[in-house]
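Asker: I'd like to go over a predicted model; first the sequence, then the structure.
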Amino acid sequence: MNKIIKFSKSYKNIIKVKSDFYNNNISNLKSAIKINNLYKKQPLRKYCKNCGSKKIKLFIKNFKIPYKICSSCGHLNGAYQDTNNFAKKIYNQKSGKNYSKNYLNDFNLRVKNIYIPKVKFLKKVIKNKIKLIDLGCGAGHFVKALELQGISAVGYDTSKHLCELGNKKLNKNKIYSIDFNKIYEIIHNNPDINTLSMIGVLEHLTEPHKILDIFKKKKIKYLYMSVPLFSLSTFIENSFPNVFPRQLSGGHTHLYTEKSINYLAKKYNLKIIGEYWFGTDMPDLMRSLINSGNILNKKIYTDELYKKFSKFIDKLQSVLDQNKICSEVHMVFENKNI
């Protein structure tokens, strides 16, 4: 099977459903700082979360959190451990309420502009019939997109609130709320699947190696996942302390690199058969400019910035995407242990 590699997507179809990052900068920033304050209370990290190496060197301090680069695998590590206690406090049955308004109002638009392209990429890579569970499904956007594309799927998430919202939109019970500690049991309870998806999930797990080890041993054929990357956005966030950080905030206590992902593939004997590189580094820069600076009239400033910058934003972002230094990657792995 030849590897399929895809780059970039247009940001103009996404900005409508990402407006919260522009319009609610202060409240989002306060939430991020609150979680960071909790994170700072955790024990210090002594090893790379990805490869276990002790060769981690101080790099930056972002919103009062020091970050270290691993010399062995290139992974960017937060200075503290993301313990079970930390995870339980930020991922629980009540989490997700802050997102519910946007999810409710923009559900179908999110499915169309964000999640349908993900499903089409997955179908292009996996030619066999797909039977899938989506771990960390949120309000079920990906499950809905899969359904619209004729793929059988169920989803699981720690937020009861988002699951209830999603099932209303799906008009059926296809997504289920679970306790954070039960995440690793889900694969055992779904023996008939051939694909596991984790979109923006691995970076939130306290034990990402545990889920990958279970995937390997259960001999599920395919793994589809996306992770945030150590990219230009990391440097942008570090330069705009009054702007909500999307990459290093909340549960993102560490960031992946191509090298650290390849380490995981080798460790668990997985073959990368699909790659989709794209990011929001340039939109993050534009968002940072809008929400900072000596601005006397924000409307005029925003209009002028859009006028001069928006027509080039996709082209500028594509340079980062093509060089695999963008803020996100989606990958499909084939389990070679079968």
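Answerer: Looks like it came in fine. These numbers come from a predicted model, not from an experiment.

Asker: where exactly do the helices run in the chain?
Answerer: In order along the chain, the chain carries the following helices (DSSP state H): 19-23, 25-39, 84-90, 100-110, 116-125, 141-148, 160-170, 208-218, 232-239, 258-267, 281-290, 298-309, 313-322.

Asker: helices and strands around the longest one, which ones?
Answerer: Counting by 3 or more C-beta pairs under 8 Å, 6 or more residues apart in numbering; DSSP states H and E, the packing neighbours recorded for helix 25-39 are helix 84-90. Heads up, the C-betas are built off the backbone N, CA and C, glycines and all.

Asker: mind exporting the helix it packs on as PDB, just the C-alpha atoms?
Answerer: The C-alpha trace of helix 84-90 is given here as PDB (Å, rounded to 0.1, in the frame of the first residue of the first chain):
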ATOM      1  CA  ASN A  84      -4.400  11.600  36.800                       C
ATOM      2  CA  ASN A  85      -5.400  14.100  39.400                       C
ATOM      3  CA  PHE A  86      -4.800  16.900  36.900                       C
ATOM      4  CA  ALA A  87      -6.800  15.100  34.200                       C
ATOM      5  CA  LYS A  88      -9.700  14.300  36.400                       C
ATOM      6  CA  LYS A  89     -10.100  18.000  37.200                       C
ATOM      7  CA  ILE A  90     -10.200  19.200  33.700                       C
END
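
Asker: Confirm for me that Leu232 is in contact with Lys324.
Answerer: No - contact criterion C-beta atoms under 8 Å: Leu232 and Lys324 do not qualify, at 11.9 Å.

Asker: more crowded one of these two?
Answerer: For Leu232 versus Lys324, the count of surrounding residues by other C-beta atoms under 10 Å is larger for Leu232: 20 against 16.

Asker: Now the more buried one: closest residue in space that isn't a chain neighbour?
Answerer: Nearest in space to Leu232, with sequence neighbours left out and distances taken as C-beta to C-beta, 6 or more residues apart in numbering, is Asp281 at 4.1 Å.

Asker: measure that neighbour to Tyr256 for me?
Answerer: 15 Å (C-beta to C-beta, to the nearest Å).

Asker: ok so, going back, identify the residues contacting the residue nearest to Leu232.
Answerer: For Asp281, the contacting residues are 231-233, 236, 317, 320, 326-327, by C-beta atoms under 8 Å, 6 or more residues apart in numbering.

Asker: How about Gly279?
Answerer: With C-beta under 8 Å, 6+ apart as the criterion, the residues that contact Gly279 are 229, 231-233, 317, 320-321, 326-328.

Asker: Tell me the one among the residues you listed nearest to Gly52.
Answerer: Of all the contacts of Gly279, the one with the least separation from Gly52 (C-beta to C-beta) is Leu229, at 20.3 Å.

Asker: Was I right to think the closest one contacts Ser327?
Answerer: Yes - contact status for Leu229 versus Ser327: in contact at 5.6 Å, counting by C-beta under 8 Å.

Asker: Return the residue of this structure that is most distant from the centre.
Answerer: Summary for the chain: using C-alpha atoms, centre = their mean, the residue whose C-alpha lies farthest from the chain's mean C-alpha position is Leu296, with a distance of 34.8 Å.

Asker: Just the pLDDT at it, thanks.
Answerer: Per-residue confidence for Leu296 comes out at a pLDDT of 88.

Asker: got it, and Arg287?
Answerer: In this prediction Arg287 is given a pLDDT of 91.

Asker: if we can go back for a sec, quick one, which of the helices of the chain gets closest to Leu132.
Answerer: Proximity to Leu132, assessed across these by C-beta to C-beta, is greatest for helix 141-148 (6.5 Å).

Asker: who's in contact with that closest one?
Answerer: Residues outside helix 141-148 that contact it (C-beta under 8 Å, 6+ apart) are 103, 107, 110-111, 114-116, 118-119, 130, 132, 134, 137, 152-155, 166, 169-170, 174-175, 197, 199.

Asker: Write the PyMOL selection for whichever of these are buried.
Answerer: The PyMOL command for the buried members of the contacts of helix 141-148 (criterion: 16 or more other C-beta atoms under 10 Å) is given here:
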select buried, resi 103+107+110+111+114+115+116+118+119+130+132+134+137+153+154+155+166+169+170+174+175+197+199
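
Asker: Let me see the contact set for the residue positioned nearest the centre of the chain.
Answerer: Residue closest to the average C-alpha location in the chain (C-alpha atoms, centre = their mean): Gly200, at 2.7 Å. If a contact means C-beta under 8 Å, 6+ apart, then Gly200 has 136, 226-228 as its contacts.

Asker: Among these, find the lowest-pLDDT one for me.
Answerer: The model is least sure about Gly136 among these, giving it 92.
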